[in-house]
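1. need a 3D model of the sequence below.
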Amino acid sequence: MPAQPGALPRPAVPAQVTRPAPVQPPARRTAFDEGAERLRAAATTEPGRLRVIGAVLALLVVAFGAVAAWQSGERAAAADDVLHGSQPLSSGAASIYRSLADANTTVSSGFLAGGQETPETRDRYEKDISRAAAGLVTAAAKSEPDSPAAKSIAKLNRLLPEYKGLVERARVYNRQGYPVGGAYLRYANEKMQQDMLPAAEDLYTKENQRLAADYGDATPYPWAAIALGVLALGALAWAQRREYRRTNRVLSHGLVAATAAATVVLLWLVVGHTVARAELHASDEHGIRSLNVLHSAQIAALKARGNENLGLVARGAETVTVDGTVYDAYYHAFDQELAELGGSLKRAGSLADDPTGARPVTAATRNMAEWKKRHADAHREDDSGDYQQALAMVIGAKGTTGECFDGVDENLNRAIGHEQAEFERAAGDGRDAMTGLPAGAAALGVLGAAGAVLGIGRRLSEYR
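-> Purely as a prediction, here's the structure:
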């Protein structure tokens, strides 16, 4: 439409401008993605593939050496703990038990002598108490705070002075001829039998559990290291076969050196652990088991002797009813302990694997049989009212039950000494079979990895 005269021109309407959509920046790639892409690109060329193969071989050989060193080191440390740690503690706990039981037996023997306790008896009692106290100090130093073993040790440390006090009161009254001395002695024996010896037995059990745990740590095969060793050798064999098929070269000195190092470590690992396992199992079967049975036999003998003595001290004051029949408490306990001694000696004889170990057990069995016979004779005299004759047959100068007990104790000590030596020999051989293996495995693993890298590097140099 034409504009009217005199009218103002209308402003032009600007055309709408279409803006382009913003361009999204490309997603940022992670370092892992970039590395994987470079690795894929490198793997498309022979030099790249050789570098990957060399890195994998070196990693496998180093990992094999490291795991072999770690696992063999753990087992060597556990074997050393068996030899120098837990077994001596187990033996020490058994010694504490024996010392306490022997002290109790000795003091009852001295009490039977009346006010004229011999210096030998007094000295033996004091030595037993000192050995028990020293053993408790050693056990406390090597036990973990608040552990079950530490609680047993603390209990024994508390009860030992109480027991000694009761014994001294019994001695004082006995020297003065007062019958109350026998009551104090029976009270001391009750504290020993019901509180102290069970605590000592519990300590012995805990130390044996620690010993069994150390055996469990020392004897398993290092399967992870063995598997890595087989894998490393397989990879090295594959790499050398690949090189031979591509180049017709029979040997690569670096790869051969790596293979030799891995083979030495694997053989050392398998043979060393096989020998160590065999010797440690032998130390358990022919040492620890025999020692445990012999310790039980010795403890039963000590308990039997103590009950035999206290039977004369009490003179029928304490009885026990079994199946409606009334028995003298101490004589009945003597029969039970002697039966336990006989069973332990029979087991010890079956476990003895050489004449040197069997002879003292056989001699102790003969001593026990004679002891049983003499005890029956003394018991008959006591029952018939001839107390002095019964006393002479128990603690007299000759032909007494005390001689039989001493024979049992001495022969058991010889058997224990022999089995202890057998244990130390076998456990020492087991530990020595792994000597140098952790350090050797680590060193050979590093050398093997270097050989693999050098072998592949020699091949790579041909592409430059």
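
2. count of residues packed around the residue lying closest to Trp268 once chain neighbours are set aside?
-> Spatial nearest neighbour of Trp268, excluding adjacent residues (CB to CB, 6 or more residues apart in numbering): Leu437 at 6.1 Å. Using the backbone N, CA and C atoms, a C-beta is placed for each residue, glycine as well. When neighbours are defined as other CB atoms under 10 Å, Leu437 has 24 of them.

3. contacts only, for Leu437.
-> By CB atoms under 8 Å, 6 or more residues apart in numbering, the contact list for Leu437 reads Ala68, Ala69, Ser72, Gly73, Ala76, Trp268, Leu269, Gly272.

4. give me the number of residues near Ala450?
-> Neighbours around Ala450, by other CB under 10 Å: 17.

5. then Tyr97?
-> 25.

6. what of the one 5 residues further on?
-> Asp102 has 24 neighbours, counted by other CB under 10 Å.

7. ok, now the one 4 residues further on?
-> By the measure other CB under 10 Å, the count of residues near Thr106 is 25.

8. after the helix or strand containing it, next one along is what?
-> Under the criterion of DSSP states H and E, Thr106 resides in helix 87-112. Elements were assigned by DSSP H and E; along the chain past helix 87-112, the next helix or strand is helix 119-141.

9. mind listing what's buried in the following helix or strand past that following helix?
-> Where DSSP H and E defines the elements, the next helix or strand beyond helix 119-141 is helix 148-175. For helix 148-175, a neighbour-count test (16 or more other CB atoms under 10 Å) marks 149-150, 152-153, 155-156, 159-160, 163-164, 166-167, 169-171, 173-174 as buried.

10. helix 148-175 to helix 87-112, inter-axis angle?
-> Interaxial angle, helix 148-175 versus helix 87-112 (axes from the mean of the first three to the mean of the last three CA atoms, to 10 degrees): 10 degrees.

11. can you list the helices and strands that the helix or strand just after helix 148-175 packs against?
-> Next helix or strand after helix 148-175 toward the C-terminus (DSSP H and E): helix 180-191. Judged by 3 or more CB pairs under 8 Å, 6 or more residues apart in numbering; DSSP states H and E, helix 180-191 is in contact with helix 87-112, helix 148-175, helix 289-314.

12. same thing but 10 Å
-> Counting contacts by 3 or more CB pairs under 10 Å, 6 or more residues apart in numbering; DSSP states H and E, the secondary-structure elements packed against helix 180-191 are helix 87-112, helix 148-175, helix 289-314, helix 329-351.

13. tell me which of these lies nearest to Thr30.
-> For Thr30, the closest of the helices and strands packed on helix 180-191 is helix 148-175, at 53.5 Å, according to CB to CB.

14. any idea how far that closest one is from the chain center?
-> Relative to the centre of its chain, helix 148-175 is centred 30 Å away, using CA atoms, centre = their mean, to the nearest Å.

15. so that helix versus helix 289-314, what angle?
-> 30 degrees.

16. I'd like to know which elements helix 148-175 is packed against.
-> Applying 3+ CB pairs under 10 Å, 6+ apart, we find helix 148-175 packed against helix 87-112, helix 119-141, helix 180-191, helix 197-218.

17. how about residues contacting the shortest one?
-> Spelled out, that is helix 180-191. Applying CB atoms under 10 Å, 6 or more residues apart in numbering, the contact partners of helix 180-191 are 104-105, 107-108, 110-111, 115, 159, 162-175, 178, 196-197, 306-307, 309-310, 313-315, 317-318, 329-330.

18. centre of the chain to it, how far?
-> The answer for helix 180-191 is 38 Å, by CA atoms, centre = their mean.

19. buried stuff in it?
-> Neighbour-count burial for helix 180-191, counted by 16+ other CB under 10 Å, picks out Gly181, Gly182, Ala183, Tyr184, Leu185, Arg186, Ala188, Asn189, Lys191.

20. so how far is Tyr330 from the last one?
-> Noted for Lys191: a distance of 16 Å to Tyr330, by CB to CB, to the nearest Å.

21. same check, this time on the fifth one
-> Shown here: Leu185 relative to Tyr330, a distance of 12 Å by CB to CB.

22. cool, Arg347 as well?
-> 26 Å.

23. show me the shaky parts of the stretch 301-450 of the chain.
-> Residues of the stretch 301-450 of the chain that meet the criterion pLDDT under 70 lie in 316-317, 319-327.

24. could you rerun that using 50?
-> Applying pLDDT under 50 to the stretch 301-450 of the chain flags no residue at all.

25. helices of that one, start to end?
-> Assigned by DSSP state H, counting those that start in this stretch, the stretch 301-450 of the chain shows helices spanning 329-351, 355-383, 387-395, 401-432, 437-460.

26. can you check which of these gets nearest to Thr263?
-> With CB to CB as the criterion, Thr263 lies closest to helix 437-460 of these, at 9.3 Å.

27. export the closest one to PDB, keeping only CA atoms.
-> Taking Å, rounded to 0.1, in the frame of the first residue of the first chain, the C-alpha atoms of helix 437-460 are listed here in PDB:
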ATOM      1  CA  LEU A 437      65.500 -69.800  51.100                       C
ATOM      2  CA  PRO A 438      63.700 -66.500  51.600                       C
ATOM      3  CA  ALA A 439      66.800 -64.400  50.700                       C
ATOM      4  CA  GLY A 440      67.800 -66.800  47.900                       C
ATOM      5  CA  ALA A 441      64.300 -66.700  46.400                       C
ATOM      6  CA  ALA A 442      64.200 -62.900  46.400                       C
ATOM      7  CA  ALA A 443      67.600 -62.600  44.800                       C
ATOM      8  CA  LEU A 444      67.100 -65.200  42.200                       C
ATOM      9  CA  GLY A 445      63.700 -63.700  41.400                       C
ATOM     10  CA  VAL A 446      65.300 -60.300  40.700                       C
ATOM     11  CA  LEU A 447      68.100 -61.900  38.600                       C
ATOM     12  CA  GLY A 448      65.500 -63.900  36.600                       C
ATOM     13  CA  ALA A 449      63.500 -60.800  35.900                       C
ATOM     14  CA  ALA A 450      66.600 -59.000  34.700                       C
ATOM     15  CA  GLY A 451      67.500 -62.000  32.500                       C
ATOM     16  CA  ALA A 452      64.000 -61.900  30.900                       C
ATOM     17  CA  VAL A 453      64.300 -58.200  30.200                       C
ATOM     18  CA  LEU A 454      67.800 -58.500  28.700                       C
ATOM     19  CA  GLY A 455      66.700 -61.500  26.600                       C
ATOM     20  CA  ILE A 456      63.800 -59.600  25.100                       C
ATOM     21  CA  GLY A 457      65.900 -56.400  24.800                       C
ATOM     22  CA  ARG A 458      68.500 -58.300  22.700                       C
ATOM     23  CA  ARG A 459      65.700 -59.200  20.300                       C
ATOM     24  CA  LEU A 460      64.400 -55.600  20.300                       C
END
